[in-house]
Every structure is written in structure tokens, then in C-alpha cells.
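let's see this in three dimensions:
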Amino acid sequence: MLNQTDSVNSTDRSYSTTEVQRLTEGTRTALAAHFLTLSAEDRRLRFGASTSAERIEAYVAGIDFGHDAVFGVFDDELALVGVAHVAFMDDAAELGISVLPEHRGRGAGRALFARASEHARNRFVPRLFMHCLSENAAMMHIARASGMDIVAEAGDADAHLALSPASPASVTGEYLTDRFALFDYALKAHVATLKGINSALAGA
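Residues are numbered from 1 along each chain as shown. Here you go, the predicted structure:
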């Protein structure tokens, strides 16, 4: 579940699906750091209840990267600023999204949603759903904008989206998106390395 509302800053560039990386086992430390950076209120909105650091660490340790899919958006310093977790079930996939406060309003949440739903569709999953607190305005906005059916009751909201069957075009599109994302990350890593070298030289 994406937390808080997005306030657009026109001076900041926007994020797109070409920057959404498929995460692996090696990113558990970065994932934990991302969730622990969220405020207590943001964690409550993301997980639906107050969540301690210990519970965050247990949650990250328990992610099955072989079964589920986890996607992330990295900033120019290679820190995870947005994360989407797609948990697969027999006939559906559940999606949870979080974005750090300073990066909201720049399309990260929408890009993560689009990438996650595309991935679920291409795994022949017929339905994507999200469960969140009905006060989670940003997630509710994305759900409505994506055409999801929303049922709100007693402070909670369930949103469902029927996914189109996979097609050669959708599979090819996902493959190309992954290639662009890898290129984007490599470019950011290269720039970050150059910045580090320049800083070291300046210090010397």
C-alpha cells in the first residue's frame, strides 16, 4: 500500500517503468533500510497496523523471491525510494507499495503499480488485489485511476483489478522494460562511481 498523498514538485523529474528494477535476494538489506526509513505513520499505512523495526526485519527476511516478485525504484544515489511486493496466490496476486516521502508525487507509485500488474498478467494471474486502510489516500487514488473495483468497509478497503490474458506483445513489452531498467541502473551506478571518485579527488 502506498502511503500518504502525492504532492507534485514540478522541479523534480518523474519516475517511469523503465526505472523499476526486479529485486533479488541480494537486496534484503536495502529493502529493510527502505522500510525502516518510513515514519511510524507511514509504516502503519503501508502494512495496515503499527509495525516495529523487528517486524519489518522479519517481514523482509521472510520474502520468498523465488515465489513472489519484488520491484524497486532507485534514486541517483542507488537508495531504494519505492518498493512493490507482489505476493502470488492460486488465482490472484496481492500488491503492496511504499514510496519515501521526498520522492512522492513524481510517478514512482504509478510506475511500480504498472510494472507489478504487467508482471502478474504475464504470469497468467487473472486478478490483482490490494488491501489497505481507506484513509490511505494515495493508494486509493492509484486504485481508482487504474480502474480497480473498490469496496470500503469499517476503515479498510479492498481493491480488485481483472487482468487481461498475457499476449506476445505484453511478454515482449515486459522483457524490453527489464532491459531498459537494467541499463538505467547501470547508468546510475556509473554516475555514482564517478561522483565518488571526484569527491575523493577533491578531498585529497
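
can I assume Ala143 sits in a helix?
Yes - Ala143 forms part of a helix when assessed by DSSP: H, G, I helix; E, B strand; the rest coil.

can you report how many residues neighbour it?
Residues contacting Ala143 under the criterion other Cβ atoms under 10 Å number 25. Just so you know, the C-beta spots here come from the backbone N, C-alpha and C atoms, and that holds for glycine as well.

could you check how far it is from Ala157?
Ala143 sits 8 Å away from Ala157 when distances are taken as Cβ to Cβ, to the nearest Å.

next SSE downstream of the strand or helix carrying Ala152?
If you go by DSSP states H and E, Ala152 is part of strand 149-153. Using DSSP H and E, the helix or strand that follows strand 149-153 towards the C-terminus is strand 156-162.

can I get that next one in CSV? Just the C-alpha atoms.
Extracted as CSV, the C-alpha positions of strand 156-162 are listed here (Å, rounded to 0.1, in the frame of the first residue of the first chain):
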residue,chain,number,x,y,z
ASP,A,156,-10.5,-0.9,5.4
ALA,A,157,-10.6,-1.0,1.6
ASP,A,158,-10.2,-3.9,-0.8
ALA,A,159,-9.4,-3.0,-4.5
HIS,A,160,-9.6,-5.6,-7.3
LEU,A,161,-8.5,-5.5,-10.9
ALA,A,162,-9.2,-8.1,-13.5
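
and that strand, how far out from the chain middle?
17 Å (Cα atoms, centre = their mean, to the nearest Å).

and it, which residues are buried?
For strand 156-162, the neighbour count (16 or more other Cβ atoms under 10 Å) marks Ala157, Asp158, Ala159, Leu161 as buried.

the last one is in contact with Arg144, isn't it?
Spelled out, that is Leu161. No - with contact defined as Cβ atoms under 8 Å, Leu161 does not count as touching Arg144 (11.0 Å).

low-scoring stretches of this protein, by residue?
Low-confidence segments of the chain (pLDDT under 70): 1-12, 204.

circling back: so what strands line up beside the strand holding Ala152?
strand 156-162 (antiparallel) (DSSP bridges).

now stretch 132-147, how far from the centre of its chain.
Using Cα atoms, centre = their mean, the offset of stretch 132-147 from its chain centre is 14 Å.

try stretch 51-64
Averaging C-alpha positions (Cα atoms, centre = their mean) puts stretch 51-64 16 Å from its chain's average.

now for Phe88: which residues touch it?
His67, Asp68, Ala69, Ala120, Arg123, Val125 (Cβ atoms under 8 Å, 6 or more residues apart in numbering).
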